[in-house]
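Visitor: fold the following, please.
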Amino acid sequence: MLAIIKELFINLMIIIAILTLGNMIVRDSLIKKSKKHSFIIGILSGVFGCLLMLFSVRIFPNIIIDFRCIPILLMGIYFSLSATMASSMVIGIFRVAVYGLNMASFSGLITALFLGLVCGLIGKQNIGIKNKWIFSGIVACVVPGISFVLLLMGSNNLYLIVLVYVISTALAVLLTSQFMKYIVKSNEEYYLAKESLNKDFLTGLQNIRYFDTSLNQNLDEAKKTQKPISLLFMDIDFFKKVNDTYGHLNGDIVLKEVGQILKRLSRDTDVVARKGGEEFTVLLPDCDASKAVKVAERIRKKIEENIFVSDQKEEIKITVSIGVSSFPETIADEEKLIEQADIALYKAKRSGRNKVWVAP
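Guide: The predicted structure follows:
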């Protein structure tokens with residue numbers, strides 16, 4: 001009995017270790033749920049099941065059990081039917097290849113495929129993760145349990161074998177479901193923390209850290225493809241007067257709404273960021289100078305026409321000045337894209353504000 005408990009413990013630790021390692025490897029790619037990615041993860045899950053088969057638990061001299069069902073359940077609950085079937089096929093084929101073609105191996109192959117099909121279909125239902133685990137766990141206990149009954153009919157220890165299998169599998173399913181709950185919650189916190197590192201806390205726009213990284217990546221791409229890239233530097237005119245007149249709380253309201261306007265008037269591929277204070281930037285990949293000027297004018301006009309409302313229902317009117325630089329159309333050296341946009345912004349403000357100025 002002590003040996004069985006020891007082997008069960010080893011199997012459960014293997015499950016936890018593989019899930020932890022697998023999550024670390026694929027955490028950032030889990031959002032890519034294409035058929036190709038799903039199928040590949042299904043294959044890897046099948047390899048996981050094969051590993052669990054190699055660490056099977058011997059409950060009688062000629063009887064072993066394992067937790068190959070766990071990877072199949074994981075694929076059904078968290079991925080897709082194709083991933084579940086891929087995992088089942090790998091496990092079933094491995095069972096035949098390692099232990100030879102006999103009744104037990106054939107039964108193991110059919111059981112794995114049937115389990116994969118049923119769990120995959122359960123996973124497609126809109127019943128919540130908890131219910132998916134409950135129904136899939138029941139199937140994982142019942143289907144192999146029936147297989148044991150058919151293979152060991154007449155054995156003196158039949159009911160004890162089935163009982164040990166059902167209890168062990170139920171325990172493994174319970175442990176895995178709780179550990180996956182922890183992993184999912186940890187991943188949500190990870191993504192939230194990762195996103196917050198790149199976000200401006202006030203406006204929800206990208207921050208200067210994210211902007212600098214995106215600028216370098218897009219400049220490298222522009223040099224390789226010879227596609228234009230433009231940059232807008234924007235500053236709210238006389239913003240100090242807004243803070244002094246209406247208070248910093250209302251100044252924040254203005255900043256937030258300006259950020260929303262910038263997002264609405266930008267493409268999904270554009271990078272809209274707040275530099276700090278009342279300064280904003282918009283990076284426009286694959287956009288030449290003429291198009292960039294049109295975007296800048298649209299932003300300038302929209303903000304000029306917009307009525308900002310204070311917490312006391314007072315109307316606040318503002319304008320903005322915008323500097324535009326574009327590589328390679330107006331600037332030959334991509335390293336000067338920021339410098340020239342900043343100079344253009346300075347000239348827009350010096351020339352009377354509420355203007356768009358193009359570098360050089």
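Visitor: any stretches of the stretch 1-150 of the chain with poor pLDDT?
Guide: Using pLDDT under 70 as the threshold, the predicted model of the stretch 1-150 of the chain has low-confidence ranges 28-36.
Visitor: show me where it has helices.
Guide: Assigned by DSSP state H, counting those that start in this stretch, the helices in the stretch 1-150 of the chain fall at 2-26, 35-54, 69-78, 81-99, 103-123, 129-151.
Visitor: tell me which residues are up against the shortest one.
Guide: Meaning helix 69-78. 15, 41-42, 45-46, 48-49, 52, 83-84, 86-88, 91, 112, 115-116, 119-123, 129, 132-133, 136-137, 140, 144, 169, 172-173, 176, 180 (CB atoms under 8 Å, 6 or more residues apart in numbering). For glycine as for every other residue, the C-beta is placed from the backbone atoms N, C-alpha and C.
Visitor: report the inter-axis angle for that helix versus helix 129-151.
Guide: Here the directions of helix 69-78 and helix 129-151 differ by 140 degrees (axes from the mean of the first three to the mean of the last three CA atoms, to 10 degrees).
Visitor: from residue 264, how far off is residue 302?
Guide: 8 Å (CB to CB, to the nearest Å).
Visitor: residue 348 against residue 359, yeah?
Guide: No: using CB atoms under 8 Å, residue 348 is not in contact with residue 359; the gap is 10.3 Å.
Visitor: which of the two has more residues huddled nearby?
Guide: residue 348 (26 against 22; other CB atoms under 10 Å).
Visitor: can you check which residues contact both of residue 348 and residue 359?
Guide: In contact with both residue 348 and residue 359: residue 323, using CB under 8 Å, 6+ apart.
Visitor: circling back to that earlier point, indicate which one of the helices of the stretch 1-150 of the chain is closest to residue 313.
Guide: Within those, the stretch nearest residue 313 is helix 129-151; the backing value is 45.6 Å (CB to CB).
Visitor: past that closest one, which element shows up next along the chain?
Guide: Using DSSP states H and E, the helix or strand that follows helix 129-151 in sequence is helix 158-197.
Visitor: can you tell me the element the closest residue to residue 286 other than its chain neighbours falls in?
Guide: Spatial nearest neighbour of residue 286, excluding adjacent residues (CB to CB, 6 or more residues apart in numbering): residue 227 at 4.9 Å. Residue 227 is part of no helix or strand, with elements assigned from DSSP H and E.
Visitor: so what's the residue count around residue 227?
Guide: Residue 227 has 15 nearby residues by other CB under 10 Å.
Visitor: could you do residue 10 as well?
Guide: 12.
Visitor: surely it meets residue 52?
Guide: No: using CB under 8 Å, residue 10 is not in contact with residue 52; the gap is 10.3 Å.
Visitor: most tightly packed of the helices of the stretch 1-150 of the chain?
Guide: helix 69-78 (a mean of 28; mean count of other CB atoms under 10 Å).
Visitor: what angle do that one and helix 158-197 make?
Guide: Using the same axes, to 10 degrees: helix 69-78 against helix 158-197 is 50 degrees.
Visitor: helix 69-78 vs helix 103-123, what angle?
Guide: Using the same axes, to 10 degrees: helix 69-78 against helix 103-123 is 20 degrees.
Visitor: where do the strands sit along the stretch 201-350 of the chain?
Guide: Using DSSP state E, counting those that start in this stretch, the strands found in the stretch 201-350 of the chain span residues 229-236, 271-276, 279-285, 308-309, 315-316, 320-327.
Visitor: could I get the ones you listed as TSV with distance to residue 70 and mean pLDDT?
Guide: Output for those, formatted as TSV (distance: least, CB to CB, whole Å; pLDDT from 0 to 100):
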stretch	distance to residue 70	mean pLDDT
strand 229-236	49	96
strand 271-276	42	95
strand 279-285	44	97
strand 308-309	56	96
strand 315-316	60	96
strand 320-327	53	96
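Visitor: okay, residue 302 and residue 264: which has more neighbours?
Guide: residue 302 (15 against 10).
Visitor: surely the more buried one touches residue 261?
Guide: Yes: proximity of residue 302 to residue 261 meets the contact threshold set by CB under 8 Å, at 5.7 Å.
Visitor: these two touch, right, residue 121 and residue 85?
Guide: No: if you go by CB under 8 Å, residue 121 and residue 85 don't touch, sitting 10.6 Å apart.
Visitor: does residue 357 really touch residue 341, like I thought?
Guide: No: counting by CB under 8 Å, residue 357 sits too far from residue 341 to count as a contact (9.6 Å).
Visitor: what's the overlap in contacts for those two?
Guide: With CB under 8 Å, 6+ apart, residue 357 and residue 341 have common neighbours 323-324.
Visitor: which ones are touching residue 258?
Guide: 203, 236, 280, 303, 318, 320.
Visitor: as JSON lines, those with neighbour count and distance to residue 107 would be great.
Guide: Compiled in JSON lines, the contacts of residue 258 are given as follows (neighbours: other CB atoms under 10 Å; distance: CB to CB, whole Å):
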{"residue": "203", "neighbour count": "21", "distance to residue 107": "62"}
{"residue": "236", "neighbour count": "21", "distance to residue 107": "73"}
{"residue": "280", "neighbour count": "27", "distance to residue 107": "66"}
{"residue": "303", "neighbour count": "24", "distance to residue 107": "71"}
{"residue": "318", "neighbour count": "20", "distance to residue 107": "75"}
{"residue": "320", "neighbour count": "28", "distance to residue 107": "73"}
